[in-house]
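*Asks:* 3D model of this:
(2 chains)
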Amino acid sequence: MITINQLSKKYKDAENYAVSNIDLVIENKEIFGLLGPNGAGKTTLISMLSSLIKPTEGSFSINGLTYKEDKNNLKQIIGIVPQEYALYPSLTAYENLFYLGSMYGLKGNRLTSLIKEHVETLGLTDFIDKKIRHFSGGMKRRINLIASILHEPKYLFLDEPTVGVDVQSKNVIIDHLKELNANGTTIIYTSHHLNEAEHFCTRVGIVDHGKLICKGKPSELIFQQEGANNLEEVFIARTGKALRDYV
Amino acid sequence: MYKLLSSTYKEFLLLIRDLGGLAILFVMPLVLLITITLIQNNTFKTLKDSKIPILLVDNDKGPVSEQIKKGLSSTSAFEVIKKASEEEAKELVFKGKYQLAIVIPESLSTDLETKVSENVDGILAKFGLEEEEELNSRNKRVIQKKEVKLYFDPATQQSFKSSVKNGIDKVISSIEIQSIYKAFEEQLTEESSEEPIFATESFISFKEIVPNKAENAIPNASQHNVPAWALFAIFFIILPLSINMVKEKSQGTFVRLRTNPVSYATVLGGKTIVYLGVCLTQFVLMLLVGLYLFPLISLPKIDITDKLPMLLLVAFFAGLAAIGLGLLLGTIFKTHEQSAPFGATLVVILAALGGVWVPVFAMPKFMQILSNVSPMNWGLNAFYDVFLRSVGFVEIIPEITLLFLFFMITTTIAILYNEKKNAV
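*Replies:* Just a heads-up that it's a prediction; the model follows:
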């Protein structure tokens, strides 16, 4: 279970809080979608949960562990799929996965078979010995995902894992995530694809101006929002139509 | 340990996959070493073997100017080209066609002879060997001081000017002394006597002795250059190392590593091992160039007899110091634009402070004090200790200890900085 208490983040020199007083509980085996316009605070929230940035106020625990007390144990049970590809372009897919897997203590035949298994499921077996720099965006996204799940994390954070990929790649990624979830992995992911989130997530939370403005099952939120037929309409109704350009 | 080995292997792969970078890493220091040694060796040879053409305007046309010409030619440093007019010689030098023109004044020979004769007569009269009245009755004329003019190309370096001026001064002094001896001899000997009464050759001469365990081993240009430029190359590792780290940040892989259960020290450890290997390989290549390539291109061969283990030891610790600095810069800097120019300039500054270009003893006092804090100075001293002074292990302990401490301190700062920056 992930428990977030009054979590806030204010960046240095920023006027406003990027994340402000968020309270949230995510149960085990959930697929929780963090939705929101650009600059709403989704990535900041995920970055705090994945130890990349320090909260200004508030606290959180994952599976009862905190970074302050159990940094290494906590890192061992979470997986992070960053928005960037975060792979070494001059290394092959196998070399990237072997190295990143070994950072979780995986080794030998176990690591090799885990790599082969995931690469096969995500349709990349033929490219395992090719350098990442030659991969398409969709292929990189899939390797990026595998690199984060080799150690079979209990909690998986994904920051826009399907951005910029074709429909085929997107479907393969979503199906694989569903399979992981079915095997017990709790998934927290951010996305701008509201249709994808509506069908993929067990629950969603809409974040705007750093605040969690609503949360619930997609069907419940659609039902509660007058005149809404889908999650996108709920989203527009809650966050408005104004452009969210920011620097 | 397994994570460290894995990190090391990854760094090794990253290094060998960048063939262009790898070539630059190994080839450029060798090119630098060969170029500098060729230049320095040729400068030495220029003064020693080949001749610098200089202009001589002889307005005297007497025995003294002949002797000056002979003296200049006998140094085998100059090729004397005669010019008729001072103006022509001056113009050619100012245009940079020649480095130097020497203008010998009119009546130098006769005036010198007269002046010396007068002085000698005066001295002999004091000893009662000549009648003072007879001396006074001679028509004494006022002889103006003579000036040998030297025209230098404005682009000529001060060190060259000084060495030429000293050389010419030596030739002229020798001619003056010879004239004095000759005048005394003429006054004191019978006309018929052919026995010289003075030994006119220099009584005092110099012998260069280098205090060294190896007798008569005078270090050549290669012995000086290989350690100095090898050290320079070793410290240039700062650049690719810090760029490698900055690249990891821009690629996002560093962000991923931060979320992994691996310590920053382990990540840095992998880099240290691989780049230390690079440093040692660079050093061995330089030694090989000094041993086998230098003789083929007419450069003096380096001598590493009985010194190899100590040299590798110094290279090991110098490499560690350089890597520590690279790790620190790579940790602090965020962009390639920050790390590359800063790293390159820092290496040049450290080299200058360390005495790679100008010996530390020739620096101003303040810079001499400052040079004590340059790790390149410690490294260079250790290399010279082994290479040129043939000292034992105990004598280099202070220097290698400083290099090791420098590595420990810079790496610790890098780790602490990273901890502070990324604390959660």
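
*Asks:* domain ranges for chain B?
*Replies:* B:2-43+B:217-421, B:51-188 (automatic domain parsing).

*Asks:* closest to residue A:28 out of those?
*Replies:* The minimum distance between residue A:28 and the domains of chain B falls on domain B:2-43+B:217-421, with 20.2 Å, by Cβ to Cβ. The C-beta positions use only the backbone N, C-alpha and C, and glycine is treated the same way.

*Asks:* residue B:403 against residue B:318, yeah?
*Replies:* Yes: counting by Cβ atoms under 8 Å, residue B:403 does reach residue B:318; the two are 5.8 Å apart.

*Asks:* in terms of neighbours, single out the busier of those two.
*Replies:* Ranked by neighbour count (other Cβ atoms under 10 Å in any protein chain shown), residue B:403 and residue B:318 place residue B:318 first, with 31 against 25.

*Asks:* can you list the residues of chain B near chain A?
*Replies:* B:2-3, B:6-7, B:9-10, B:13-14, B:17-18, B:251-253, B:255-262, B:422-424 (Cβ under 8 Å from any Cβ of the partner chain).

*Asks:* for chain A, which helix or strand comes out least confident on mean pLDDT?
*Replies:* helix A:231-239 (a mean of 79; mean pLDDT, DSSP states H and E).

*Asks:* neighbours of residue 116, just the number please.
*Replies:* Picked chain A for this. Neighbours of residue A:116 (other Cβ under 10 Å): 14.

*Asks:* my question was about chain B, not that one.
*Replies:* 19.

*Asks:* quick check, pLDDT for it.
*Replies:* Residue B:116 carries a pLDDT value of 81.

*Asks:* give me the element it is part of.
*Replies:* helix B:108-126 (DSSP states H and E).

*Asks:* now do that helix: which elements does it pack against?
*Replies:* Packing partners of helix B:108-126 (3 or more Cβ pairs under 8 Å, 6 or more residues apart in numbering or on different chains; DSSP states H and E): helix B:63-74, helix B:132-137, helix B:158-188.

*Asks:* now the longest one and helix B:63-74, what's the angle there?
*Replies:* What it means is helix B:158-188. 130 degrees (axes from the mean of the first three to the mean of the last three Cα atoms, to 10 degrees).

*Asks:* could you find the closest non-adjacent residue to residue B:155?
*Replies:* residue B:96 (6.2 Å; Cβ to Cβ, 6 or more residues apart in numbering or on different chains).

*Asks:* I meant to write residue A:49 there.
*Replies:* residue A:157 (6.0 Å).

*Asks:* the one you found against residue A:75, yeah?
*Replies:* No: contact criterion Cβ under 8 Å: residue A:157 and residue A:75 do not qualify, at 11.7 Å.

*Asks:* which one's more surrounded, the two?
*Replies:* Each of residue A:157 and residue A:75 has its neighbours counted (other Cβ under 10 Å); residue A:157 has more, 28 against 23.

*Asks:* bridge partners for that one, pull those for me.
*Replies:* residue A:80, residue A:188 (DSSP bridges).

*Asks:* so for chain A, the centremost residue is which one?
*Replies:* Central residue of chain A (Cα atoms, centre = their mean): residue A:158, 1.4 Å from the mean position.

*Asks:* need phi/psi at the residue in the stretch 201-350 of chain B that chain A sits nearest to.
*Replies:* Scanning the stretch 201-350 of chain B for the residue nearest chain A gives residue B:252, at 3.4 Å (criterion: Cβ to the nearest Cβ). Main-chain torsions, residue B:252, degrees, to the nearest 10: phi 90, psi -10.

*Asks:* flag every residue of chain A that's near chain B.
*Replies:* Residues of chain A lying near chain B (Cβ under 8 Å from any Cβ): A:48, A:50-54, A:67-68, A:71-73, A:75-76, A:78, A:80, A:82, A:84-91, A:95, A:98-100, A:102-105, A:107, A:131, A:147-148.

*Asks:* who are the contact partners of the closest residue to residue B:17 other than its chain neighbours?
*Replies:* Distance criterion Cβ to Cβ, 6+ apart; nearest residue to residue B:17, sequence neighbours excluded, is residue A:90 at 3.9 Å. Listed by Cβ atoms under 8 Å, 6 or more residues apart in numbering or on different chains, the contact partners of residue A:90 are A:131, A:132, A:133, B:13, B:14, B:17, B:18.

*Asks:* only whichever of those are buried, select them in PyMOL.
*Replies:* The PyMOL selection below is limited to those of the contacts of residue A:90 classed as buried (16 or more other Cβ atoms under 10 Å in any protein chain shown):
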select buried, (chain A and resi 131+132) or (chain B and resi 13+14+17)
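
*Asks:* same list (the contacts of residue A:90) but as JSON lines, adding pLDDT and secondary structure.
*Replies:* As requested, the contacts of residue A:90 are exported to JSON lines (pLDDT from 0 to 100; DSSP: H, G, I helix; E, B strand; the rest coil):
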{"residue": "A:131", "pLDDT": "93", "secondary structure": "strand"}
{"residue": "A:132", "pLDDT": "92", "secondary structure": "helix"}
{"residue": "A:133", "pLDDT": "91", "secondary structure": "helix"}
{"residue": "B:13", "pLDDT": "91", "secondary structure": "helix"}
{"residue": "B:14", "pLDDT": "89", "secondary structure": "helix"}
{"residue": "B:17", "pLDDT": "87", "secondary structure": "helix"}
{"residue": "B:18", "pLDDT": "84", "secondary structure": "coil"}
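
*Asks:* out of the contacts of residue A:90, who's nearest residue A:227?
*Replies:* Using Cβ to Cβ, the contacts of residue A:90 come closest to residue A:227 at residue A:132, 46.3 Å.

*Asks:* most packed of the domains of chain B?
*Replies:* domain B:2-43+B:217-421 (a mean of 19; mean count of other Cβ atoms under 10 Å in any protein chain shown).

*Asks:* what's the first-to-last distance across that domain?
*Replies:* Start-to-end span of domain B:2-43+B:217-421 (Cα to Cα, to the nearest Å) is 26 Å.

*Asks:* buried ones in the least confident helix or strand of chain A, by neighbour count?
*Replies:* Those buried within helix A:231-239 under the rule 16+ other Cβ under 10 Å are A:231, A:232, A:233, A:234, A:235, A:238, A:239.

*Asks:* low pLDDT regions in chain A?
*Replies:* In the predicted model, chain A carries pLDDT under 70 at residues A:243-247.

*Asks:* mind listing the strands for it?
*Replies:* Per DSSP state E, chain A carries strands over the ranges A:2-9, A:19-26, A:31-35, A:57-62, A:78-81, A:155-159, A:186-191, A:203-208, A:211-216.

*Asks:* what sits against residue B:259?
*Replies:* Residue B:259 sits next to A:50, A:51, A:52, A:75, A:78, A:80 when contact means Cβ under 8 Å, 6+ apart.

*Asks:* before we move on, back to that, what is in contact with residue B:403 and residue B:318 at once?
*Replies:* Jointly contacting residue B:403 and residue B:318 under the rule Cβ under 8 Å, 6+ apart are B:375, B:379, B:382.

*Asks:* just the residues you listed: which are in helices?
*Replies:* If you go by DSSP state H, the shared contacts of residue B:403 and residue B:318 have B:375, B:379, B:382 in helices.

*Asks:* so for stretch B:62-82, mean pLDDT?
*Replies:* The model assigns stretch B:62-82 a mean pLDDT of 80.

*Asks:* that one spans what distance, first to last residue?
*Replies:* 14 Å.

*Asks:* one more: stretch A:6-22?
*Replies:* End-to-end distance of stretch A:6-22 (Cα to Cα): 5 Å.

*Asks:* and that stretch, what's buried?
*Replies:* So for stretch A:6-22, counting by 16+ other Cβ under 10 Å, buried means A:7, A:8, A:9, A:10, A:17, A:18, A:19, A:20, A:22.

*Asks:* now do it: distance to the chain's middle.
*Replies:* The gap between where stretch A:6-22 is centred and where its chain is centred comes out at 20 Å by Cα atoms, centre = their mean, to the nearest Å.
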